[in-house]
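Colleague: Generate a structure from the sequence data that follows.
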Amino acid sequence: NNNNNNSNNNSNNSDHPSMSMSRVRAAREGLASLKILLKHPTGAQREAVRAAVLSLASQRIFVPPSLRGGVWRMLLATQSDSQPLFRYRRAESLVVSDTDMQKRMAEVSRQLCLDLPRCHPYSGALTRVSAKRRLRTVLRTWAAGGGTAASRRYWQGFDSVAAALVVLYSDESVAWQMCERIADKYLKHYLVEGAKSCLPAHMALLSQLLAFYDPELQLHLRNMHVHPDMYAVSWALTLLSHSFSLALPPNPRSIYPLWDVMLCYPLPFHLF
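Modeller: Numbering: from 1, shown residues only. So this is what the prediction gives:
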């Protein structure tokens, strides 16, 4: 028996180097592929970038910070030059002539004064005054878009979404453009009035998912009258950015690996 155990242990130990080498190979090939695709980004290559990111994720290999910004821009099909439109929107947010717009931007400024001091206060990347200033500029510029007061509104929690982008992109115009894309792709259907909002349907879907993956927990929560809209609304409205850290991997609570995968899929993938 001892001989059998020793032979089993030896065979198990011999598997680890080969598994490690396979991950190293996958990382090398996947990252080399991403670098080539990002050198000459085109719409036709977006699916190839998506496949490369998902392949790396399946091996639990993180997209490195040096490539992440380009990968996200490719996945969300952002424009190469965002400066002109950003400058126009920023001027709009500063020079307001319309009365409704004045009220709207005054409310945004008031809410930002409350939100920004408590936005990821333990994040080293946001402790610098320059980072907070860039975050405020990006949020005000985003809030000024949409044309009318009814078409766009800043909501509490969106500062966490913008913060993840401001930390990743030092260029304010790029961070703003990414805010536009993410809000349009994942969040705009939550922020409409009444029956048009998909938030109640997504909370029901989350309850069904919990019943499938952990029926014991789902039954316990139901018996305690604890429903998803009591704990999961902020997860949906902030794409988990409020609950996870802005630290980079390998921090286990980093938001960035989650978003690497999330941006490869449409709404409501983040519920899964």
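
Colleague: make it CA atoms for all contacts and neighbour counts henceforth
Modeller: OK.

Colleague: Could you tell me which ranges of the stretch 151-272 of the chain sit under the pLDDT cut-off?
Modeller: 151, 193-195 (pLDDT under 70).

Colleague: if you go through it in chain order, where are the helices?
Modeller: 158-168, 172-182, 199-213, 215-223, 233-237, 256-262 (DSSP state H, counting those that start in this stretch).

Colleague: now those in CSV, with mean neighbour count?
Modeller: As requested, the helices of the stretch 151-272 of the chain are exported to CSV (neighbours: other CA atoms under 10 Å):
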stretch, mean neighbour count
helix 158-168, 24
helix 172-182, 22
helix 199-213, 16
helix 215-223, 13
helix 233-237, 19
helix 256-262, 20
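
Colleague: Kindly reformat the ones you listed as JSON lines containing distance to residue 126.
Modeller: Below are these laid out as JSON lines (distance: least, CA to CA, whole Å):
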{"stretch": "helix 158-168", "distance to residue 126": "7"}
{"stretch": "helix 172-182", "distance to residue 126": "14"}
{"stretch": "helix 199-213", "distance to residue 126": "30"}
{"stretch": "helix 215-223", "distance to residue 126": "36"}
{"stretch": "helix 233-237", "distance to residue 126": "21"}
{"stretch": "helix 256-262", "distance to residue 126": "16"}
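
Colleague: Next, work out how far apart residue 272 and residue 41 are.
Modeller: 29 Å (CA to CA, to the nearest Å).

Colleague: quick one: contacts for residue 51?
Modeller: Residues near residue 51 by CA atoms under 8 Å, 6 or more residues apart in numbering: none.

Colleague: What strand or helix carries it?
Modeller: Using DSSP states H and E, residue 51 sits within helix 46-58.
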